[in-house]
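Visitor: Sharing a sequence plus its predicted fold:
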2 protein chains.
Amino acid sequence: MGFMDNLKQVLEIEDCSLQHKGLILLSQRYMGGDMSEEKKPGSERPARQRRKMQSITMMDVAEYAKVSPSTVSLYLRRPEAVSAGAGSAIAHAIDKLNYVPNLVAGGLAAASSRAVSIIVPSVRNAFFAETVAAMQTALRKERLQVILGHTEYDEREEEDLVRTALSWAPAAIVLTGLSHSETTRRMLSKVKVPVIEIWELGGPQIDAAIGFHHDQVGAAAARHLIQQGRRHLAYLGARMHEDRRARLRCDGFVAAASEAGVEVNVVQHPAPSSAEAGAMLLSETMQDFPQTDGIACSNDHVALGVLFECERLKIAVPDRLATIGFGDLSFSAACNPPLSTIRPSGDLIGKEAARLIVEHMAGKEPDSQTTIDTRFTLLHRRSS
Amino acid sequence: MGFMDNLKQVLEIEDCSLQHKGLILLSQRYMGGDMSEEKKPGSERPARQRRKMQSITMMDVAEYAKVSPSTVSLYLRRPEAVSAGAGSAIAHAIDKLNYVPNLVAGGLAAASSRAVSIIVPSVRNAFFAETVAAMQTALRKERLQVILGHTEYDEREEEDLVRTALSWAPAAIVLTGLSHSETTRRMLSKVKVPVIEIWELGGPQIDAAIGFHHDQVGAAAARHLIQQGRRHLAYLGARMHEDRRARLRCDGFVAAASEAGVEVNVVQHPAPSSAEAGAMLLSETMQDFPQTDGIACSNDHVALGVLFECERLKIAVPDRLATIGFGDLSFSAACNPPLSTIRPSGDLIGKEAARLIVEHMAGKEPDSQTTIDTRFTLLHRRSS
DNA sequence: GAGCCGCATCATAGCGCTACGATTTCTGAA
DNA sequence: TTCAGAAATCGTAGCGCTATGATGCGGCTC
């Protein structure tokens, strides 16, 4: 029962469901048609071998329910458009035959598949995982599938992912961020697929954008620390050369601090965000800028590392050093001290994206430049 | 430029790519065929409106490269099967026309789409996120897409996800764990799609299984703590009523401890794993079983909470209480003290799964009951 | 009773591609 | 040179479904 056999051996539908004995499968009647008589009138038909077959097709359902295939199709897409009698006959047939529609065939016929392509830097990142999960949950209710792709923060990779995404004729494409290659933009503009950009606001967008302003996050962190009486700030960032959004937060932080006339330094590390990176950055910071009394981190992983390192270095948090992170990750509230942080609503982004897609499919004309600001919340806990 | 318009207005291909001016699109020649003359000999053709169209089709490429569509198709699937001359002509045409193959059409014709359906409890869970990410990366190289589904630890949901997964005719289906509903099993057995079960070993499997034995993880943790001289053990578990694998680890832990004649208690909480749950569980444990001197946690989130709570309660780790987690999450090495833990190889699971799928597609007959044990590693750090 | 409208249903013509089998072209041995 | 066998290429018939336009069928109004 190899997979390739699939393509070779299947000749006949037989007995795929337990319940439909005695049913003559309509498919055969339709398929063995006689409308090619004029092509070579006289040559016996070569009886080309059937290539494959899904067990139960819509035609079988139609046969069973004594309606035409079109009606079954119609029922499946808009149940309210068929009469109650036909409807229940079809429903009964589907149930009885255990019919599973072939979405691939449907997608081809309809010029659009019931799939949504989501392209994120990485699902390993808790932020995007949350959004993807929320979207998946919301889209499932509309019987839409999620096709996932990872760019690993590489624009070239994104371009390639968009290309393959398009070859699925998805109902929508979701991209992360507003920054894409020229080719990516061109491909997307050439095509009638709605594009939703998530997790970033404040730049030129393709269609709709859902997210928040990262510079505002940075600014909020700076204002918060200043409000706590801190005058020597530092921003600790990991992987900022790749993570555009972390950089934007950093920029917002620096801008707001400078504007308030407060000292501000940026300490960064090219490694991915992690507690280890945070610990390293903290010790570097205290060495280079010993007067630092307020720290914002590119995210909570980094902030956790800061907390641990402070403990090791006997730096009192928040007394000697206030710390604020970003993300409100699962551990943040349970830290010692509980970590002040800024919570973006990753799940809201996902939900809103799903909503937009569904509305779009329902024909609602979106303003094409829809922008949804999901905001963020500063959680003042005991680390600041 | 709404999405629905797509289905109504597109009548003509025009100027979709900048470079192919002067090209007569072959599609039209083929499509406006004259082979239906005998149907109603005399009735003028009603010129039914074309429904949709992807800009550049394989026929256009064939025309441009002066070969037949079949050859283009062949080239795309097995480049080595066409001559060098034809190959480069086709490659040139594809490049020039900016052709993107329609995978939906291909999937329908081939009876199997280039998609792999991955069904996990949740991508929010770092373990599964890692596996999904690794698989995605590996499958991309073979131009396979990942279709994602979340069960949220619900068998009923899984059943439904499998049903829709099947309607995509995927190249393979990846499920998490070995425990599935009867209907799920029946659906899968009826179909020629390879099934790979991941993250669990040691039960009846459908096709291939890749993972490790969770009871061995628990046993390893118990043995480790006993080896460290601990005689009063406890297992702290979150969400064990839903997470079968956490339960298996717990069982293994208890069994190994009992066998060694060591006291062992299980303290659990229905909430999802989190540092907060861990903190709660720790304080509960120390209250109910104050003599406890060795703790294993259902995962590192819980262990982190234990660490934090110990700090608050001034319980010395590891002197008074040894702690070991599971997962080796991003923060585990940077904790204070660094957390002993057991590392499963989530990425290896993903890579191996991808390898199996690819081999299967290449026609390699897998033994259908392939089992790959990816093992785990006990990392003895300073918390134990 | 004719004409008309609206609803439910249907027949049809593909969607773009692949796999089969057939045909053509290219080898190299006889 | 001939011809079998291999290699390259091609023509064709769908894959299972959906959108379109057409048809049939009451129930209305005039």
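Guide: Received, thanks.
Visitor: Contacts only, for the nearest residue to A:Arg143 once chain neighbours are set aside.
Guide: Once flanking residues are discounted, A:Arg143 sits nearest to A:Arg114: 6.1 Å by C-beta to C-beta, 6 or more residues apart in numbering or on different chains. Every residue, glycine included, has its C-beta placed from N, CA and C. Shown in contact with A:Arg114 (C-beta atoms under 8 Å, 6 or more residues apart in numbering or on different chains): A:103, A:106-107, A:143-145, A:171.
Visitor: and what of A:Gly107?
Guide: Residues in contact with A:Gly107 (C-beta under 8 Å, 6+ apart) are A:113-115, A:168-169, B:104.
Visitor: Also A:His214?
Guide: Contacts of A:His214 (C-beta under 8 Å, 6+ apart): A:200, A:202, A:245-246, A:248-249, A:252.
Visitor: How about the residues of the stretch 251-384 of chain A by chain B?
Guide: Proximity of the stretch 251-384 of chain A to chain B (C-beta under 8 Å from any C-beta of the partner chain) is limited to residues A:274-276, A:278-279, A:301, A:304-305, A:308, A:311-312, A:330-331, A:333-336, A:360-361, A:363, A:365-366, A:368.
Visitor: buried subset of those residues?
Guide: Buried members of these, scored by 16 or more other C-beta atoms under 10 Å in any protein chain shown, are A:274-276, A:278-279, A:301, A:304-305, A:308, A:311, A:330-331, A:333-336, A:360-361, A:366.
Visitor: Among those residues, which lie within helices?
Guide: Under the assignment DSSP state H, those contribute A:275-276, A:278-279, A:301, A:304-305, A:308, A:311, A:360-361 to helices.
Visitor: Can you get me a residue count around the residue in the stretch 101-250 of chain A that chain B sits nearest to?
Guide: In the stretch 101-250 of chain A, the residue that lies nearest chain B is A:Ala111 (3.3 Å; C-beta to the nearest C-beta). Here the count is done by other C-beta atoms under 10 Å in any protein chain shown, and A:Ala111 has 17 residues near it.
Visitor: For DNA strand C, what is the nearest residue in the stretch 251-384 of chain A?
Guide: In the stretch 251-384 of chain A, the residue that lies nearest DNA strand C is A:Gly363 (17.9 Å; C-beta to the nearest atom of the strand).
Visitor: So for that residue, what pLDDT did the model give?
Guide: A:Gly363 carries a pLDDT value of 74.
Visitor: helix, strand or coil for it?
Guide: Classification of A:Gly363 using DSSP: H, G, I helix; E, B strand; the rest coil returns coil.
Visitor: That one and B:Leu379: what is the separation?
Guide: A:Gly363 sits 55 Å away from B:Leu379, going by C-beta to C-beta, to the nearest Å.
Visitor: same check, this time on A:Glu259
Guide: Counting by C-beta to C-beta - A:Glu259 and B:Leu379 are separated by 46 Å.
Visitor: What of A:Ser283?
Guide: In this view, A:Ser283 and B:Leu379 are 23 Å apart by C-beta to C-beta.
Visitor: rewinding a little: among the contacts of A:Arg114, which are in strands?
Guide: A:Gln145 (DSSP state E).
Visitor: Out of the contacts of A:Arg114, which are close to DNA strand D?
Guide: Among these, the residues lying close to DNA strand D (C-beta under 7 Å from any atom of the strand) are A:Gly106.
Visitor: Filter the contacts of A:Arg114 down to just the buried residues.
Guide: For these, buried by 16+ other C-beta under 10 Å: A:103, A:106-107, A:144-145, A:171.
Visitor: With pLDDT as extra columns, can I get these in JSON lines?
Guide: Output for those, formatted as JSON lines (pLDDT from 0 to 100):
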{"residue": "A:Leu103", "pLDDT": "95"}
{"residue": "A:Gly106", "pLDDT": "95"}
{"residue": "A:Gly107", "pLDDT": "94"}
{"residue": "A:Leu144", "pLDDT": "95"}
{"residue": "A:Gln145", "pLDDT": "96"}
{"residue": "A:Ala171", "pLDDT": "95"}
